[in-house]
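Trainee: for reference, the sequence and a predicted model appear below.
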Number of protein chains: 2
Amino acid sequence: MSDVYVAGVGMTPFGSSSERTARDLFAQAAAKAFADASVAPDAVEELFYGNYMGEFAETQGHQGPLMAEAAGVSAPATRVESACASSGAAVRYGVNHVRSGQADVVLVGGAERMTNISTAEGTRALSAAADALWEISAGVTFPGAYSLMANSYFEQFGGTREDLAHIAVKNHANAVENDLAQFQRAIDVEDVLTAPDISSPFGLYDCSPMSDGASAAVLVSEAFAERAGLDPSVAITGVGQGSDSLALQDRDSISETPAAVEAGRKAYEDAGIGPEDVDVAEVHDCFTIAEVIALESLGFYEPGEAISAARHGETTIDGELPVNLSGGLKAKGHPVGATGGAQISELTKLLRGDHVNSDAVEDATVGLTHNAGGTVASCVVHVLEVRE
Amino acid sequence: MSDVYVAGVGMTPFGSSSERTARDLFAQAAAKAFADASVAPDAVEELFYGNYMGEFAETQGHQGPLMAEAAGVSAPATRVESACASSGAAVRYGVNHVRSGQADVVLVGGAERMTNISTAEGTRALSAAADALWEISAGVTFPGAYSLMANSYFEQFGGTREDLAHIAVKNHANAVENDLAQFQRAIDVEDVLTAPDISSPFGLYDCSPMSDGASAAVLVSEAFAERAGLDPSVAITGVGQGSDSLALQDRDSISETPAAVEAGRKAYEDAGIGPEDVDVAEVHDCFTIAEVIALESLGFYEPGEAISAARHGETTIDGELPVNLSGGLKAKGHPVGATGGAQISELTKLLRGDHVNSDAVEDATVGLTHNAGGTVASCVVHVLEVRE
């Protein structure tokens, strides 16, 4: 199977754009991706589009054809939904579609509108990514679910709120110069520890925000790139997806995420690399603890070891493995259906050298994205590599 | 690319099962498909699952991993949503996944729960498959949208309510002996014409019902079938998908459905056949007019010619091209996210000779399914062939 190249990427600024519909947001992201790729919309042979909560936020399902139209694309278009991993799953489908020779050019990405509804409505919408019968009906929402995971982690491996605080501080620091990020503002550990409580051990800064936004990428075959005279430098060389039981209660351990282990294993095998080859990663830090468990699931750290990675500067911008140089979900923002595509967008720019934080990883040739749905009941991992 | 075989199929009975969750329904359909296939759940390498309105009916998104668990499958699992074409799109993704060598065994299908909520809530949920800004906000619901299409068709090509009535009568007749069908009851033209008005020209019997139900199919590669000693006789030899603008107002004509034309064209080309080769078809008759436009879009009739097909007995059980021998959406029922998979299930059984109506098509070797989303803003067509 040939490599699949990222010909172009685009994102809206993430944040509150409550007056703009999801279709507006996706149209903007797609237009940026087409311009970046020097590919016209009419070259697209299929759209794989991620969206999670359009039914709740805009009473709008069936967004595949709607978003194709918004992007100026006349091609089969389908929505892929896997909670907060929706556009990660959409990217994977797109990669597989090109790899298998079924298309030379696909558009992938996603959008979400979240700030046009109340926080209560948004919380209800997000909780539908958990098990309606056994979790939602018991009052579990995601801050609660992830705090259970954090407390379980602390109990099993140790760790403190201060360890977690360093992750929020790091991700905010990374976003300060990122014009696309929702929070372009540095915070310190004291800010995190004194922020309003959300769900113990989490305070406000341990949690990613409600966001509006969209992301898109134009993926092309090697043959098309040559034919069209494109010279894309980044390829998606590995894909992997994993699933787990939807409800936390059905798992052997809630301080580990086997769906991410499986997604990572497949993506590494697919790319022919291992975690030691990865130079830079964007992982799904919907809550601070999620970054810790992601790094362990992906084999960057042994279980119990990643809790202090940010505190020790190992994952900071000048660390050995910079994580979430975009600002992550915490500071870049988390319009859930757009997040997987945004990781691809930001990582591609980091590897190409045209991201505001590219200087920190100027020799980087291998990057990884980790996009999770719910409490990692679904997970998609991609490996991106610089191709000369 | 090798053929993809339908190793086994399963459906719940369609109808009102309001006390059973979608997960219960899908578990039952999947268990039937595994038993029919003589394939164990642990052989499945990926689940492609269609669902449309889970957020509205059960406040349940993220159904991919949930349904994998319900089916006893440990594999990547993603929900595919394209309104009433959701499981048609899921089947297509599954076929492509096997064809391209990415898996030897996949589970495809879908589920919907609709009767546990009120008709008003159900109508609101269904309308989210139309354009929220330009159709829903103007008061359009699907009976209204399709009646606009019917009136436009009548104006352009002619036709009467009585022509449409023959379609409802035919599909009810086909379902009388089908234990899985929601309405196992014959009706006559008089019943249709005197039924309560819904939206002119439609009366009650022109419209498919609210239904609960699930469908599943086990798709396998030829290599796996040989290795496992399976002897499946039906292969999916053609797939096609098309999209159109979501809102009716953005189309050149609302009495034609170019997304279906495109999906059909691709599926025929893929299978290396033409409409003249098709012996039996299951088409998306959400409203009686939809069957007419489907038959024209698929090339079985010229535009304006299919309106009298049922009346003339051409598409009845003993006609030249029997259409909707299952009873169609009208009489078999229409749990929207399950419908595309149910078409595959019923057509497979028709072609294998183990459907209650198989005797009517005992020499049939080629069948076609047509599954549409919204007012055919999305459409998926599959060609199934008997392989000796």
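Mentor: Nice, thanks for sending it over.
Trainee: from here on, contacts and neighbour counts on C-alpha atoms
Mentor: Will do.
Trainee: after the helix or strand where A:Val9 lies, next one along is what?
Mentor: If you go by DSSP states H and E, A:Val9 is part of strand A:4-11. Counting by DSSP H and E, the element after strand A:4-11 in chain order, helix or strand, is helix A:22-37.
Trainee: so for that following helix, mean pLDDT?
Mentor: In this model, helix A:22-37 carries a mean pLDDT of 98.
Trainee: do that helix and chain B meet?
Mentor: No: for a cut-off given as CA under 8 Å from any CA of the partner chain, helix A:22-37 has no contacts with chain B; the smallest distance is 10.4 Å.
Trainee: for the residue nearest the centre of chain A, give its distance to A:Glu81.
Mentor: The structure's chain A has its C-alpha centroid closest to A:Gly340; by CA atoms, centre = their mean the separation is 3.4 Å. Computed as CA to CA, to the nearest Å, the A:Gly340 to A:Glu81 distance reads 12 Å.
Trainee: next: A:Ser358.
Mentor: A:Ser358 is 31 Å from A:Glu81, by CA to CA.
Trainee: which of these two has more residues huddled nearby?
Mentor: A:Glu81 (30 against 19; other CA atoms under 10 Å in any protein chain shown).
Trainee: how close does that one get to A:Gly64?
Mentor: A:Glu81 is 11 Å from A:Gly64, by CA to CA.
Trainee: still on that earlier bit, overlap of the contact sets of A:Gly340 and A:Glu81?
Mentor: A:87, A:89 (CA atoms under 8 Å, 6 or more residues apart in numbering or on different chains).
Trainee: around chain B, pick out the residues from the stretch 201-350 of chain A.
Mentor: A:241-246.
Trainee: just the ones of those residues in helices?
Mentor: With DSSP state H as the criterion, helices contain none of those.
Trainee: from those, pick the one nearest B:Ser221.
Mentor: Among those, A:Gln241 lies closest to B:Ser221 (CA to CA), at 20.7 Å.
Trainee: surely the closest one is in contact with A:Ser378?
Mentor: Yes: contact criterion CA atoms under 8 Å: A:Gln241 and A:Ser378 qualify, at 7.3 Å.
Trainee: neighbour count for these two, which is higher?
Mentor: When neighbours are counted by other CA under 10 Å, A:Gln241 and A:Ser378 differ, and A:Ser378 comes out ahead with 34 against 30.
Trainee: and that one, how far is that from A:Thr369?
Mentor: 14 Å.
Trainee: A:Val192 too?
Mentor: 26 Å.
Trainee: neighbour count for these two, which is higher?
Mentor: Taking other CA under 10 Å, A:Val192 and A:Thr369 do not tie; A:Thr369 has more neighbours (26 against 23).
Trainee: quick one, what contacts the more buried one?
Mentor: Per CA under 8 Å, 6+ apart, neighbours of A:Thr369: A:281-283, A:340, A:343-344, A:347, A:381-383.
Trainee: name the nearest of those relative to chain B.
Mentor: Top of the list for closeness to chain B, among the contacts of A:Thr369 and by CA to the nearest CA, is A:Val381 at 11.9 Å.
Trainee: if we can go back for a sec, neighbouring strands for the strand holding A:Val9, and are they parallel or not?
Mentor: strand A:213-221 (antiparallel), strand A:234-243 (antiparallel) (DSSP bridges).
Trainee: mind putting these in JSON lines, distance to A:Val6 and mean pLDDT included?
Mentor: Shown next, in JSON lines, are the strands paired with strand A:4-11 (distance: least, CA to CA, whole Å; pLDDT from 0 to 100):
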{"stretch": "strand A:213-221", "distance to A:Val6": "5", "mean pLDDT": "98"}
{"stretch": "strand A:234-243", "distance to A:Val6": "6", "mean pLDDT": "98"}
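Trainee: looking at these, which is buried most?
Mentor: Neighbour counts (mean count of other CA atoms under 10 Å in any protein chain shown) averaged over each of the strands paired with strand A:4-11 peak at strand A:213-221, with a mean of 32.
Trainee: pull the distance from the helix or strand following it to the chain's centre.
Mentor: As assigned by DSSP H and E, the chain's next helix or strand after strand A:213-221 is helix A:222-227. Centre-to-centre, helix A:222-227 and its host chain are 28 Å apart (CA atoms, centre = their mean, to the nearest Å).
Trainee: who touches helix A:222-227?
Mentor: Here helix A:222-227 has contacts from A:2-5, A:7, A:104-105, A:231-232, using CA under 8 Å, 6+ apart.
Trainee: closest one of these to chain B?
Mentor: Of those, the one sitting nearest to chain B (CA to the nearest CA) turns out to be A:Ser2, at 12.6 Å.
Trainee: that older thread, so for A:Gln241 and A:Ser378, which residues contact both of them?
Mentor: A:259-260, B:76.
Trainee: please enumerate the helices of chain A.
Mentor: Going by DSSP H, chain A shows helices at A:22-37, A:54-58, A:63-71, A:86-99, A:119-127, A:142-157, A:161-175, A:189-194, A:222-227, A:258-271, A:288-297, A:328-332, A:339-352.
Trainee: closest one to B:Glu162 among those helices?
Mentor: Distance to B:Glu162, taken as CA to CA, is lowest for helix A:63-71 among those, at 33.4 Å.
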